[in-house]
Each structure stands twice: as structure tokens, then as C-alpha cells.
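Visitor: Pasting a predicted model and its sequence here:
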Amino acid sequence: MPDETAPTQQTEQPWSKVDPLIFEGRKMQALIQIRQAFAVDIHDGVDLLGERYETLRTERPESFKVRHDDYWDDFGTL
């Protein structure tokens with residue numbers, strides 16, 4: 001995955017549509033937005049989703065509507 005798609009090197013604008021979806025636990029919708037915003041394949045999109053999730057969990061844990069232990073329960077493996 002190219003470095004320019006890494007969340008730490010992006011402006012916040014692409015994430016402004018994705019972050020609310022992550023906070024709500026709407027992972028598939030977040031993945032769709034990530035793939036469109038960063039023009040990545042599904043596997044890289046899943047990686048970015050996981051990285052962004054971890055960043056947000058650290059920075060804003062109170063914003064999540066789904067507990068950490070339950071967050072990935074309904075998300076299939078690729």
C-alpha cells in the first residue's frame with residue numbers, strides 16, 4: 001500500500017465521512033468510503049479501516065457506540 005494512503009499522512013477531509021461510520025460501528029459503509037476516498041483495493045481498504053479504528057479508539061474512545069470487545073464480531077474475514 002502506498003505511503004500516501006496512510007491515515008497519518010492524510011488531511012482530515014477524507015476521514016470526515018468515514019469517522020462517523022466507524023464510531024457508529026458501520027464498518028462496511030466505512031470500508032466503501034475508504035475505498036472511494038483513497039482508491040485502494042478491498043484488502044488495503046480493510047487495513048486502512050483497522051488502522052483508523054485503532055487511531056480513533058486511542059484518541060476518542062468515548063465517541064464509539066459499540067464496545068471494543070464487540071466491534072469486529074459481525075465483520076467477516078477476507
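Guide: Great, that's in hand. Numbers count the residues shown, from 1 in each chain.
Visitor: Now for Asp19, how many residues are close by?
Guide: By other Cβ atoms under 10 Å, 19 other residues sit near Asp19. Every C-beta, even on glycine, is put in place using the N, C-alpha and C of the backbone.
Visitor: Spatially central residue in the chain, please.
Guide: Centroid check for the chain by Cα atoms, centre = their mean gives Leu49 as the closest residue, at 2.9 Å.
Visitor: Now Gln29: closest residue in space that isn't a chain neighbour?
Guide: Ranked by Cβ to Cβ, 6 or more residues apart in numbering and with sequence neighbours excluded, the top spatial neighbour of Gln29 is Leu21, at 4.9 Å.
Visitor: wait, isn't the one you found in contact with Gln33?
Guide: Yes - using Cβ atoms under 8 Å, Leu21 is in contact with Gln33, at 6.4 Å.
Visitor: excluding its backbone neighbours, what's nearest Leu56?
Guide: Spatial nearest neighbour of Leu56, excluding adjacent residues (Cβ to Cβ, 6+ apart): Ile22 at 5.9 Å.
Visitor: Residues touching the helix or strand containing the one you found, excluding its own?
Guide: In this assignment (DSSP states H and E), Ile22 forms part of helix 13-24. For helix 13-24, the surrounding residues in contact (Cβ atoms under 8 Å, 6 or more residues apart in numbering) are 7, 27, 29-30, 33-34, 37-38, 49, 52-53, 56, 60, 63-66.
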